[in-house]
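Participant: sequence and predicted model, in that order:
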Amino acid sequence: MAAINLNEIMNADNGFEIAERINRLQEPLKQAHQNVLNLEQDLISQGRAKGKSDKEILMSIVQMQDEQSDLFKMSMNWGTKGLTSPDNYAKLVEYTPNYVNYYT
């Protein structure tokens, strides 16, 4: 469900930890993606009912996605950096406080 860059994991000194942290996020990510899917369907239905063009509906979906949580956007590689990006490591740690690395 989440977009993962395997090269970033393999090249990271803490690649195992990153993979395990992402694994812990599967349920929250599943829920976030389901919520966004439901919102998209609502925007499409509402847009069609109001006679909006496909482009207007699409733009409302993009805007809605842009307003989602950092977790959702990182999982979708929204922008240029995803869950595995070294720049997002601090956020990944923040979202997985229940992870303990027993190997260090």
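Facilitator: Looks like it arrived, so ask away. Numbers count the residues shown, from 1 in each chain.
Participant: for this protein, what's the longest helix?
Facilitator: Identified as the longest helix of the chain according to DSSP state H is helix 26-49.
Participant: name the residues of the helix or strand just after that helix that are buried.
Facilitator: Along the chain past helix 26-49, the next helix or strand (assigned with DSSP states H and E) turns out to be helix 54-66. Residues I57, S60, I61 are the ones in helix 54-66 that count as buried (16 or more other CB atoms under 10 Å). For the C-beta atoms, the positions are set from N, CA and C on the backbone; glycine is no exception.
Participant: cool, stretch 33-42 as well?
Facilitator: With burial defined by 16+ other CB under 10 Å, the residues of stretch 33-42 counted as buried are H33, V36, L39.
Participant: still on that earlier bit, which strands and helices sit next to the longest helix of the chain?
Facilitator: Based on contacts counted as 3 or more CB pairs under 8 Å, 6 or more residues apart in numbering; DSSP states H and E, the elements that helix 26-49 packs against are helix 54-66, helix 70-75.
Participant: got these as CSV, with distance to N5 columns?
Facilitator: Rendered in CSV, the data for the helices and strands packed on helix 26-49 read as follows (distance: least, CB to CB, whole Å):
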stretch, distance to N5
helix 54-66, 20
helix 70-75, 11
